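Engineer: structural data only, the sequence is not supplied:
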């Protein structure tokens, strides 16, 4: 259950990271409110996940899910550059996250 909470927290981190772009420096009301709500949910879910997971592992997984997901969203939907080096770098983060998960079992 704690891992599920952590994954959901990471997904909401992707949401608030993307939301930051659309909030235009918190100058647009609705995107700003949605971004702040996603931040609150993400932090709340992370806090719940920490009840049963080691801090270092949980925080690294949370930020890793957010980083990988945000990079993928940027490439797929926001016109950011797709390159072999960028994809390899994302893959290395995913391998690191898998290693952390295996080391925590």
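Structural biologist: Noted; the coordinates are in hand. Values in this document were obtained by computation on a predicted structure and should not be read as measured data. Numbering: from 1, shown residues only.

Engineer: so what's residue 60 scoring on pLDDT?
Structural biologist: The score at residue 60 is 96. That number is its pLDDT.

Engineer: report how many residues lie close to it.
Structural biologist: As a burial measure, residue 60 scores 15 neighbours (other C-beta atoms under 10 Å). Backbone N, C-alpha and C define where each C-beta goes, glycine included.

Engineer: does it really touch residue 99, like I thought?
Structural biologist: No. Between residue 60 and residue 99 there is no contact under C-beta atoms under 8 Å: 10.1 Å.

Engineer: centre-most residue in the chain?
Structural biologist: What sits nearest the mean C-alpha location of the chain, by C-alpha atoms, centre = their mean, is residue 66, with 1.6 Å.

Engineer: got a list of what that residue touches?
Structural biologist: 10, 13-14, 17 (C-beta atoms under 8 Å, 6 or more residues apart in numbering).

Engineer: hmm, try it at 10 Å
Structural biologist: Applying C-beta atoms under 10 Å, 6 or more residues apart in numbering, we find residue 66 in contact with 9-17, 42.

Engineer: nothing else from me, thank you.
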